[in-house]
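*Asks:* Here's my sequence, what's the structure:
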Amino acid sequence: AIINWAPDTDTLTGSIVLTSGTLNLPKTLTLGTAVSGAGAINVGVGSTTTTLGAVFPTSTGAITVVTGGGLTLTSSGTLDNVVNIGTLDVGSKTLTLSNTSSIAGTIKGSGGLTVGGGELTWAPVNDDNFSGVVAATVGTVTGTASKFGNGSFNVTTSLKLLGVDEVYGGSSVIGTGLVEFNGTIKHSGSGIATSALNKISASGGLELIGGATLGGLNTQAGVLNVGVHELEFNGAVASSITGTVKGTGTVKTSGSGGLTWNPATFAEFSGGLEVTAGTLTVAKDSNVGSVVSSSTLAIGTKTLTLSG
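*Replies:* Okay, the predicted model is just below:
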């Protein structure tokens with residue numbers, strides 16, 4: 001069943017219980033009626049805008065901001081499952097998403113989103129007027145790398161970057177969580193400053209198009225291409241190069257976590273290694289361009305052949 005809810009003024013003191021079906025909101029209004037149940041809600045039908053202030057729906061079905069429609073917040077609140085293909089304007093408020101949601105339309109505001117469960121797919125077509133914070137406290141954030149251009153992300157769990165030859169957009173990412181480079185991601189060096197051990201997925205890659213600093217990185221079986229740039233690890237977590245490494249730039253460790261050098265393939269790497277704090281542990285015989293050490297270089301029984 002489909003219910004079109006379009007009062008001139010919404011002051012109903014009762015409630016709407018959606019056991020199934022869909023509630024359409026085809027009129028610009030401030031929602032004043034409580035909505036619960038498992039049914040779906042379509043917001044912004046007919047290019048209208050729904051405002052949420054004192055009352056937020058508690059229904060568990062999908063709440064879709066339809067194409068051409070809008071959802072505006074004048075108070076902070078929680079929604080279960082949001083699909084935004086219209087315009088979501090959080091204003092200065094915070095919208096908590098308690099279940100799997102997606103931002104695929106326009107997002108605006110200086111407030112933010114809190115991912116309280118499930119996964120948030122981040123793919124806005126326009127975030128030019130968004131300067132807020134997306135906080136991944138319980139749930140995770142996943143999206144194409146180039147879509148992370150505005151706003152900032154505070155990650156306690158994880159943020160996964162997708163795409164093929166995608167340039168990371170430069171949004172600030174902080175927190176105790178990790179960033180996973182799950183596609184072939186190009187990184188210019190700005191933005192990512194999490195304290196956890198970031199990682200390259202087994203089928204992924206990270207290519208530098210500018211010098212970059214990360215708290216730490218585990219390349220697993222992925223591909224790290226430093227190009228002509230420097231990649232520095234400055235955190236307290238232990239980094240490791242275990243996949244394929246390429247480039248003529250430098251891999252540097254300056255944090256207490258140190259770095260283990262154990263690449264599966266290094267035939268296309270002629271750059272340098274540098275350690276200024278912590279320990280650089282060489283776990284595999286390797287050819288490198290140069291080694292600079294002002295801290296601890298642990299070679300053990302391995303051999304570093306310098307070609308520079």
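*Asks:* ok, then the element right after the one helix or strand Val141 maps to?
*Replies:* Taking DSSP states H and E as the criterion, Val141 maps to strand 140-144. Next along the chain after strand 140-144, taking DSSP H and E as the criterion, comes strand 152-155.
*Asks:* need the next SSE after that next one, C-terminal direction.
*Replies:* Secondary structure here is assigned by DSSP H and E; on that basis, the next helix or strand after strand 152-155 toward the C-terminus is strand 158-162.
*Asks:* From the contact counts, what lies against that following strand?
*Replies:* Packed against strand 158-162 by the contact rule (3 or more C-beta pairs under 8 Å, 6 or more residues apart in numbering; DSSP states H and E) you find strand 140-144, strand 178-181. Where C-beta positions appear, they are placed from N, C-alpha and C, glycine not excepted.
*Asks:* now, of those, which is deepest in the fold?
*Replies:* Mean neighbour count, computed with mean count of other C-beta atoms under 10 Å, is highest for strand 178-181 among those, reaching a mean of 26.
*Asks:* hmm, who's touching it?
*Replies:* In this structure, residues lying in contact with strand 178-181 by C-beta atoms under 8 Å, 6 or more residues apart in numbering are 155, 158-161, 173, 187, 192, 194, 196-201, 204-206, 222.
*Asks:* Each with direction, which strands does it pair with?
*Replies:* Taking DSSP bridges as the criterion, strand 178-181 sits next to strand 158-162 (parallel), strand 198-200 (parallel) in its sheet.
*Asks:* Mean neighbour count, mean pLDDT and distance to Gly37 added to those, as a markdown table?
*Replies:* Putting these into a markdown table (neighbours: other C-beta atoms under 10 Å; pLDDT from 0 to 100; distance: least, C-beta to C-beta, whole Å) gives the following:
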| stretch | mean neighbour count | mean pLDDT | distance to Gly37 |
| --- | --- | --- | --- |
| strand 158-162 | 24 | 97 | 32 |
| strand 198-200 | 25 | 98 | 40 |
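*Asks:* For those strands, give me JSON lines that also has distance to Asn234.
*Replies:* Written out in JSON lines, the entries for those read as follows (distance: least, C-beta to C-beta, whole Å):
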{"stretch": "strand 158-162", "distance to Asn234": "19"}
{"stretch": "strand 198-200", "distance to Asn234": "12"}
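*Asks:* for those, which one sits closest to Asn42?
*Replies:* strand 158-162 (27.9 Å; C-beta to C-beta).
*Asks:* Could you check how far the closest one is from the centre of its chain?
*Replies:* 5 Å (C-alpha atoms, centre = their mean, to the nearest Å).
*Asks:* What residues sit buried inside the helix or strand that comes right after that strand?
*Replies:* Scanning the chain past strand 158-162 towards its C-terminal end, the next helix or strand to appear is strand 164-167 (assignment: DSSP H and E). Under the neighbour-count criterion of 16 or more other C-beta atoms under 10 Å, strand 164-167 has Glu166 buried.
*Asks:* Toward the C-terminus, what is the element adjacent to strand 164-167?
*Replies:* strand 172-174.
*Asks:* Which elements pack onto that next one?
*Replies:* Under the contact rule (3+ C-beta pairs under 8 Å, 6+ apart), strand 172-174 is packed against strand 152-155.
*Asks:* who does the strand it packs on pair up with?
*Replies:* Neighbouring strands of strand 152-155 in its sheet, by DSSP bridges, are strand 133-136 (parallel), strand 172-174 (parallel).
*Asks:* who touches it?
*Replies:* For strand 152-155, using C-beta under 8 Å, 6+ apart, the contacting residues are 132-136, 141, 159, 171-179, 194.
*Asks:* Any of the residues you listed buried? List them.
*Replies:* 132-136, 141, 159, 171, 173-175, 177-179, 194.
*Asks:* now, which of these sits nearest Gly109?
*Replies:* Sorting these by distance to Gly109 puts Gly132 at the head of the list, at 5.5 Å, by C-beta to C-beta.
*Asks:* Against Ser172, how distant is that closest one?
*Replies:* Taken as C-beta to C-beta, to the nearest Å, the spacing of Gly132 relative to Ser172 amounts to 12 Å.
*Asks:* do the same with Ala145
*Replies:* Separation of Ala145 from Ser172 (C-beta to C-beta): 14 Å.
*Asks:* cool, Asp128 as well?
*Replies:* Distance of Asp128 to Ser172, computed by C-beta to C-beta: 16 Å.
*Asks:* Please list all residues in contact with Ser286.
*Replies:* Under the criterion of C-beta under 8 Å, 6+ apart, the neighbours of Ser286 are Trp261, Pro263, Phe266, Lys302, Thr303, Leu304, Thr305.
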